[in-house]
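>>> Make a model of this:
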Amino acid sequence: MHARVLAAAWLWAAPVAAQQAGPVNVVSSGPASVAVMIYRAPGRAPEAPLSQSWLGGYALISEERDIDLPAGAAILRFEGVAAGMLAESAILTGLPDGVTEKNLDADLLSPRNLYARAFGRPVTLQRLHPGSGQVEEEPAIIRSGPDGAAVVQTRAGFELVNCGGLQDSIAYQGLPQGLNSRPTLSVATRSATARRVRVRLSYLAWGFDWRAHYVLALAPGAREGRLTAWLTLASSDDTGFPAAAASVIAGQPHFDENRPDEQGGDLELRCGVMAPAVAAPPPLSMAAPMAEIVLTASRRMMKADVVAQAERLGDLHLYRIPVPTTVAAHAQKQVALLTARRVKLALIYAATIPPDGEEQARTTLRLRNRREDGLGLALPGGGLSVTQALGAATLPVGEGSMADKAEGETADVALDTAPTVRVTSVATAARGGLRRVRLTVANANRWPVRFEGGLLPDEGEAVVASSLGLGRKDGRPLWSAVVPARGTAVLTYSLRRTRP
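Got it, this is the predicted structure:
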């Protein structure tokens with residue numbers, strides 16, 4: 001009877017134990033292939049330099065991974081995802097029975113997080129005496145958070161770390177639960193049978209950006225030049241993506257920024273005044289949290305033999321780098337967008353002219369984005385540096401910027417002001433509801449120049465007559481003229497008030 005009872009109890013307990021067994025943990029250490037598509041930081045002007053400490057752009061990252069699924073419930077741990085991953089954007093396909101839950105385990109192993117997780121726990125305090133070079137060890141308990149001074153409790157009482165001429169360090173007894181050495185996405189799933197599957201994981205991540213920059217070498221006469229352009233890919237993320245299919249997106253997609261606070265980072269222990277050791281901890285005045293990000297050394301690599309390829313993507317443009325490219329953590333890399341393309345151009349002097357006053361014209365380069373002019377492709381906005389050869393030397397001529405330009409559009413890149421081309425505008429008193437304006441452009445150069453002036457009437461006025469024909473640009477009347485060498489050009493026009 002006793003044996004039958006034990007047997008019955010064992011038969012009853014066996015399925016219960018099976019039901020209570022938790023899901024199997026399956027770890028994927030890295031992707032078989034990865035693609036990184038980088039978007040510019042929303043709100044950053046295309047010509048603005050990339051931030052040295054924090055990148056406000058984002059990337060669409062797509063990974064393919066091979067997973068050995070067990071039968072039944074499993075927790076898949078995708079290690080090596082981007083630290084700035086937006087877990088709510090993650091899409092996972094290829095699992096036979098889908099996903100029941102997903103979590104970003106982004107509480108990374110860092111000096112700051114390690115210290116915070118050890119609050120109230122025993123550690124070993126290692127103290128270096130600078131004079132003798134000897135290291136002493138003693139047990140301690142952490143009694144403060146990671147912001148401000150580090151307070152520990154030793155046999156002597158409550159003390160501040162790194163005070164009194166000592167150099168202290170903290171040795172921890174094991175790794176606190178929940179800290180990860182790499183950013184990890186956890187996914188709960190279930191499979192009817194054990195099988196090997198290839199899954200695709202796609203998600204958005206913060207901490208990326210890119211920038212285009214053009215260099216134009218003017219030929220003698222400034223009617224043509226050689227245009228070179230570079231794409232700079234940048235990442236401030238902790239995760240690197242080796243041999244990635246990299247690309248960038250030009251345009252302005254709509255994106256609502258909602259970045260979580262930074263976690264992890266460095267630990268800074270500060271010295272201060274501490275009350276004598278007492279039996280109970282005294283009240284502590286904690287310093288304000290530090291909002292500082294420290295980057296490791298940046299690495300740059302330039303590939304002159306690799307040229308990005310442009311593709312249309314709806315209203316945006318995609319520039320694909322045709323070879324596998326490593327998007328390294330905390331690094332920048334440059335690849336060619338254009339390689340010494342011969343282009344036609346026009347050098348003009350432009351100004352926006354009010355009815356009264358004196359202005360200096362701005363030297364402006366005009367590039368027509370057409371095949372017959374050497375271009376004819378989508379050009380992402382960016383900075384432009386202009387150089388010109390003078391004997392054996394190459395001298396900088398000016399700096400400007402260009403917005404995104406589609407094929408067929410014209411880019412006017414304003415450089416520096418030109419003191420040799422001055423614009424004077426004089427208006428007479430109004431008579432009969434009209435004001436007459438005399439506009440004079442003086443050219444001090446030894447060669448003729450092409451001038452374009454956008455007329456800027458006062459608010460409530462409109463141009464109703466002019467001595468020469470006018471065009472329009474950007475909604476304003478435009479006067480175009482060739483000003484002779486060491487000469488002038490004159491325009492007179494009339495203004496009428498259209499509303500009080």
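>>> which regions of the stretch 351-500 of the chain lie under the pLDDT threshold?
Scanning the stretch 351-500 of the chain for pLDDT under 70 picks out the ranges 499-500.
>>> my bad, the chain
Scanning the chain with the threshold set as pLDDT under 70 gives 1-21, 52-53, 100-119, 130-131, 145-148, 162-166, 172-181, 252-306, 313-315, 499-500.
>>> Mind splitting it into its structural domains?
111-172, 345-497 (automatic domain parsing).
>>> so which of those domains comes closest to Leu201?
domain 111-172 (24.6 Å; C-beta to C-beta). Any C-beta I mention is one placed from the backbone N, CA and C, and that applies to glycine too.
>>> Would you format the domains of the chain as JSON lines with mean neighbour count and distance to Gly251 included?
Formatted as JSON lines, those follow (neighbours: other C-beta atoms under 10 Å; distance: least, C-beta to C-beta, whole Å):
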{"stretch": "domain 111-172", "mean neighbour count": "15", "distance to Gly251": "37"}
{"stretch": "domain 345-497", "mean neighbour count": "16", "distance to Gly251": "6"}
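>>> Would you convert those domains into JSON lines that also reports distance to Gly225?
JSON lines is the format used below for these (distance: least, C-beta to C-beta, whole Å):
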{"stretch": "domain 111-172", "distance to Gly225": "51"}
{"stretch": "domain 345-497", "distance to Gly225": "6"}
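>>> nearest to Ala217, of those domains?
domain 345-497 (5.2 Å).
>>> now the end-to-end length of the closest one.
Domain 345-497 has an end-to-end distance of 39 Å (C-alpha to C-alpha, to the nearest Å).
>>> ok now it, how far from the chain's centre?
For domain 345-497, the separation from the chain centroid amounts to 34 Å (computed by C-alpha atoms, centre = their mean, to the nearest Å).
>>> The closest residue to Asp97 other than its chain neighbours: what's it in contact with?
Take Asp97 and drop its neighbours on the chain: the residue closest to it by C-beta to C-beta, 6 or more residues apart in numbering is Arg190, 5.2 Å away. Applying C-beta atoms under 8 Å, 6 or more residues apart in numbering to Arg190 gives the contacts Gly72, Ala73, Ala74, Asp97, Thr100.
>>> Go ahead and confirm Arg44 touches Asp209.
Yes. Between Arg44 and Asp209 there is a contact under C-beta atoms under 8 Å: 7.4 Å.
>>> okay, and the common contacts of the two?
With C-beta under 8 Å, 6+ apart as the test, Arg44 and Asp209 both reach Gly56, Gly57.
>>> Looking at those two, which is more packed in?
Under the neighbour definition other C-beta atoms under 10 Å, Arg44 and Asp209 were set side by side, and Asp209 has more, 25 against 16.
>>> Tell me what the residue nearest to Asp97 is bridged to.
Taking DSSP bridges as the rule, Arg190 bridges to Ala73.
>>> Which one, of the domains of the chain, ends up nearest to Phe241?
That would be domain 345-497 among those, by C-beta to C-beta, at 21.6 Å.
>>> so how far is Ile170 from Val152?
8 Å (C-beta to C-beta, to the nearest Å).
>>> joint contacts of those two?
Common neighbours of Val152 and Ile170 (C-beta under 8 Å, 6+ apart) are Val123, Leu125, Ala140, Ile142, Val161.
>>> can you pull out the strands in the stretch 1-150 of the chain?
24-28, 33-39, 57-69, 72-79, 91-93, 101-105, 122-128, 135-142 (DSSP state E, counting those that start in this stretch).
>>> and if you look at the stretch 301-450 of the chain?
302-307, 309-313, 316-320, 325-327, 331-344, 346-353, 357-368, 382-390, 393-402, 410-427, 434-443, 449-455.
>>> Output those in CSV; the columns should cover distance to Leu233.
Compiled in CSV, those are given as follows (distance: least, C-beta to C-beta, whole Å):
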stretch, distance to Leu233
strand 302-307, 11
strand 309-313, 15
strand 316-320, 10
strand 325-327, 6
strand 331-344, 5
strand 346-353, 33
strand 357-368, 25
strand 382-390, 13
strand 393-402, 19
strand 410-427, 23
strand 434-443, 44
strand 449-455, 37
